[in-house]
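> with the sequence up front, the predicted model follows.
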There are 2 protein chains.
Amino acid sequence: MTPHKTKARAATRPALAAPAQRPALSRAAITATARHIADTEGIGELTLRRVAAELGTGQASLYRHIAHRAELLALLTEDLAVSFPIVEPTQGEPPAEAIAAQWLAMYDFLAAHHWAAKVIAEGNHLATGTRSVLEHGLALLRAAGLSEADALRGYRALWHLLLGHLLNEHPFGHGSGAAPEPAGTEFEWALRRLIDGIGRMGTWHR
Amino acid sequence: MTPHKTKARAATRPALAAPAQRPALSRAAITATARHIADTEGIGELTLRRVAAELGTGQASLYRHIAHRAELLALLTEDLAVSFPIVEPTQGEPPAEAIAAQWLAMYDFLAAHHWAAKVIAEGNHLATGTRSVLEHGLALLRAAGLSEADALRGYRALWHLLLGHLLNEHPFGHGSGAAPEPAGTEFEWALRRLIDGIGRMGTWHR
DNA sequence: ACCTGAACACCGTTCAAGT
DNA sequence: ACCTGAACACCGTTCAAGT
């Protein structure tokens, strides 16, 4: 009658699998739940009450693992940052193309998580997980012949252009009458102009 | 005993001067108060309760003049937009310089009202008051030899670069160790690179 | 010692009761 | 008819009472 013949043994088992819907509360579990809510329902729905409910616990319990909401948002961006795309340049690819490919990949990635840009912009420091993307982006600029200082300036300029495009994406069209370009296309145009301008500081220019 | 000798005449006066601290509630009065709070104490302090208190009325009364908070923010940006700077190019000034001067002025202006970038980015449509700046910006790009379509793309690219710079200005430094450049200087570098790249689509290039 | 229900101090918005 | 105090449905955060 009982479908669980192994029930008696459960007590001796080292509890390796607690009921799936209630994994022990932890920063990781909280972050995962928050990420799921943000990805599927938007940052507006991401409240501590909601996270707690999803985890089957009380709101106050969250504060045993995070100091405040801002810390949860920081965890969220770090969680995302480890997946930031890195596009390795192909053999003989012109520097400008390699740079464009990297930043277009970043655009696509961040556009797919439309909460990210806002959270990153509001948070103070770019998550430490951004390190590898930063290093890669700087390397591409150095490879284009930029000085260390100009590479850093260029990186930040590209980042700000990206951020501006992501943050200004109104849900419902662009207001102006004429059929607007797809957002990705518009960013690519701007990106290539900026890379072009930055490149003139370096050794490539054609 | 009564300090108000003119009291009897008050009824016959056309109420041309109500007590100065209580001008009749209106959209303009509400906007002015909101603007003052945002400018002096930041957008975080701008609550409807606060506006109402400052005007000596109840919060509910505001809803006789505005539909919701978002409308107040829209009024706020329109109020600011009429003061957007327009920098006329001087005689014989190279197109790139004229464009740079215009956008640097915009940067300085918006940086001085640090709530503006966030509110504008969140609001759906750039306030109608932006029309003249838009027209001026487009004219400068057309004068540089850009097609109508490229002028529009260029304008939007410049706007997004500006927005990204304004929105990513963390209050406390840039996180990375080395002494960062002043924000305005950093924007100017990026701006000139972008203008440079955009210019290569036009007729000037040197 | 660890957890958490209930309360607190805020929001924006609505509504019924005042004039 | 117009105005608005009080309430409502939310927040993030804290605290005292539970285990």
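Received, thanks. It should be emphasised that the depicted structure is a prediction, and the values quoted were computed from it without experimental measurement.
> any idea which helix or strand in chain A has the lowest mean pLDDT?
For chain A, the helix or strand with the lowest mean confidence is helix A:7-10, at a mean of 32 (criterion: mean pLDDT, DSSP states H and E).
> for the helix or strand that that helix is followed by, the distance to its chain's centre please.
Once helix A:7-10 ends, the next helix or strand along the chain (criterion: DSSP states H and E) is helix A:27-41. Helix A:27-41 has its C-alpha centroid displaced from the chain centroid by 13 Å (CA atoms, centre = their mean, to the nearest Å).
> equivalent analysis for stretch A:191-203, please.
25 Å.
> now do the SS call for the residue nearest to the spatial centre of chain A.
A centroid search over chain A (CA atoms, centre = their mean) returns A:Leu80, at 4.2 Å, as the residue closest to the centre. Here A:Leu80 is helix, with the state taken from DSSP: H, G, I helix; E, B strand; the rest coil.
> where does pLDDT dip in chain A?
A:1-23, A:124-129, A:169-180, A:203-206 (pLDDT under 70).
> ok, back up a step: how about the residue nearest to the centre of chain A: what's its closest non-neighbour residue?
Among residues not flanking A:Leu80 along the chain, A:Ala116 sits closest, at 5.7 Å (CB to CB, 6 or more residues apart in numbering or on different chains). Any C-beta I mention is one placed from the backbone N, CA and C, and that applies to glycine too.
> show me what from chain A comes close to DNA strand C.
A:25, A:57-61, A:63-64 (CB under 7 Å from any atom of the strand).
> show the buried residues in those residues.
Buried members of the residues of chain A next to DNA strand C, counted by 16 or more other CB atoms under 10 Å in any protein chain shown: A:25, A:57.
> among the residues of chain A next to DNA strand C, which are located in helices?
A:59-61 (DSSP state H).
> just the closest of these to A:Arg50, please.
If you rank these by distance to A:Arg50 using CB to CB, A:Gln59 comes first, at 9.3 Å.
> identify the residues contacting the closest one.
Applying CB atoms under 8 Å, 6 or more residues apart in numbering or on different chains, we find A:Gln59 in contact with A:48-49, A:52.
> could you pull out the strands for chain A?
With strands called from DSSP state E, chain A shows none.
> so which residues on it come close to DNA strand D?
Residues of chain A lying near DNA strand D (CB under 7 Å from any atom of the strand): A:46-50, A:59-60, A:63, A:68-70.
> at 10 Å instead, please
A:43-53, A:58-64, A:66-73 (CB under 10 Å from any atom of the strand).
> any of those residues buried? List them.
Among the residues of chain A next to DNA strand D, the ones that count as buried (16+ other CB under 10 Å) are A:43, A:46, A:48, A:51-52, A:62, A:66, A:72-73.
> in CSV: those, plus distance to A:Ile37.
Below are those laid out as CSV (distance: CB to CB, whole Å):
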residue, distance to A:Ile37
A:Ile43, 9
A:Leu46, 5
A:Leu48, 11
A:Val51, 7
A:Ala52, 11
A:Leu62, 13
A:Ile66, 15
A:Leu72, 11
A:Leu73, 12
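> from these, pick the one nearest DNA strand D.
A:Leu48 (3.9 Å; CB to the nearest atom of the strand).
> which residues touch A:Leu167?
A:Leu167 sits in contact with A:117-118, A:121, B:121, B:163-164, B:167, where contact means CB under 8 Å, 6+ apart.
> go with 6 Å
Residues near A:Leu167 by CB atoms under 6 Å, 6 or more residues apart in numbering or on different chains: A:117, B:121, B:167.
> ok, and the closest non-adjacent residue to A:Pro95?
That would be A:Ala144: by CB to CB, 6+ apart, it lies 3.8 Å from A:Pro95.
> okay, now the one you found: neighbour count?
The number of residues packed near A:Ala144 is 23, by other CB atoms under 10 Å in any protein chain shown.
> tell me the phi and psi of it?
Main-chain dihedrals, A:Ala144, degrees, to the nearest 10: phi -80, psi 0.
> distance check, it against B:Gly123.
With distances taken as CB to CB, to the nearest Å, A:Ala144 is found 37 Å from B:Gly123.
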